[in-house]
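*Asks:* predicted model follows, preceded by the sequence.
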Amino acid sequence: MTNLSRIKVVVLGTNGVGKSAVTVRYLTKRYIGEYSSGKDMTYQHKVTFDSVVTEIEILDTSMCSGCFNEHLKWGDAFVVVYSVEDKASFQGARRTLQNLSQAKESSFFSLLLLGNKRDLDYMRRVEVDDGQELSLKYGCQFYEVSAAENSAGVSLAFMSLLREARSAQLLRNLPIRRKLGVNSVSKVLGTIFGKNSSSQSNSGGQSKKDRKKKRPSLSI
Ligand SMILES: Nc1nc2c(ncn2[C@@H]2O[C@H](COP(=O)(O)OP(=O)(O)OP(=O)(O)O)[C@@H](O)[C@H]2O)c(=O)[nH]1
């Protein structure tokens, strides 16, 4: 194994959507039920992709007004969590995606939209299609999961995000970057990953159908 690299992941979302539950599920495969709230928590672990060890830092955020810019600066990859039984949390996720795409427009970062608590289907207020549509708008990955029910969906969602972030990191470090500049590299990455910021999707001329093909989503 070679090349230890590092990816910093920020988990965002409104109060009580399950940010800690999904983070702990991913890291330990366990679901505890109640998690301490009110302060940011950072976790570290290592994953191996294709014989390359990658050090992962995950920041499970609390609602802290004025921290957004710090989180933004810190992270390479962002998980935006909402709860499928809480419409307001979905609106919060929409605002967060909008803020992220505006603030980090000129550099590349990886994004995952995560609809949690899908076990509460009988209380559902946000349809799968709503999540899918939002993810297409911001060119991010999308999964619906239940941290309470099992670890498979959460693990798959995190691993997809980490793989994308890792690939992006490798691409950013290629010599081509010097020739093309950051914006052009973002476009190359966008082509590879089907990633389109809202501004790109407005002007890129790529049809919605084409984008849909590149961004499968999954409910687990
Ligand atoms: N039914 C169900 N409940 C869940 C799920 N995930 C989390 N919860 C519950 O939702 C509540 C909030 O979960 P947390 O993980 O603390 O949510 P959070 O977003 O970290 O909360 P804050 O840090 O306070 O913003 C807890 O009671 C969890 O047990 C889930 O998938 N299904």
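*Replies:* Perfect, I can see it now.
*Asks:* this protein: strands as residue ranges?
*Replies:* All strands of the chain, identified by DSSP state E, fall at 2-12, 41-49, 52-60, 77-83, 110-116, 141-144, 218-219.
*Asks:* need those strands in TSV (columns: mean pLDDT).
*Replies:* Shown next, in TSV, are the strands of the chain (pLDDT from 0 to 100):
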stretch	mean pLDDT
strand 2-12	85
strand 41-49	92
strand 52-60	93
strand 77-83	97
strand 110-116	97
strand 141-144	98
strand 218-219	58
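*Asks:* who wins for proximity to the ligand among the ones you listed?
*Replies:* Among these, strand 110-116 comes nearest to the ligand, with 5.0 Å by CB to the nearest ligand atom. Where you see a C-beta, it was placed from the backbone N, CA and C, and this is true even at glycine.
*Asks:* within the sheet, what are the partner strands of the closest one, with directions?
*Replies:* strand 77-83 (parallel), strand 141-144 (parallel) (DSSP bridges).
*Asks:* how far is the first one from where the chain is centred?
*Replies:* Counting by CA atoms, centre = their mean, to the nearest Å, strand 77-83 is centred 5 Å from the centre of its parent chain.
*Asks:* bridging residues for the most centrally placed residue in the chain?
*Replies:* By CA atoms, centre = their mean, the chain has its centre lying nearest to Leu112, at 2.2 Å. Under DSSP bridges, the beta-bridge partners of Leu112 are Val79, Gln141.
*Asks:* and stretch 89-100, anywhere near the ligand?
*Replies:* No - using CB under 6 Å from any ligand atom, stretch 89-100 never reaches the ligand; the gap is at least 8.8 Å.
*Asks:* for that stretch, which positions count as buried?
*Replies:* Ser89, Phe90, Gly92, Ala93, Arg94, Thr96, Leu97, Leu100 (16 or more other CB atoms under 10 Å).
*Asks:* from those residues, which is closest to Gln44?
*Replies:* Leu100 (23.0 Å; CB to CB).
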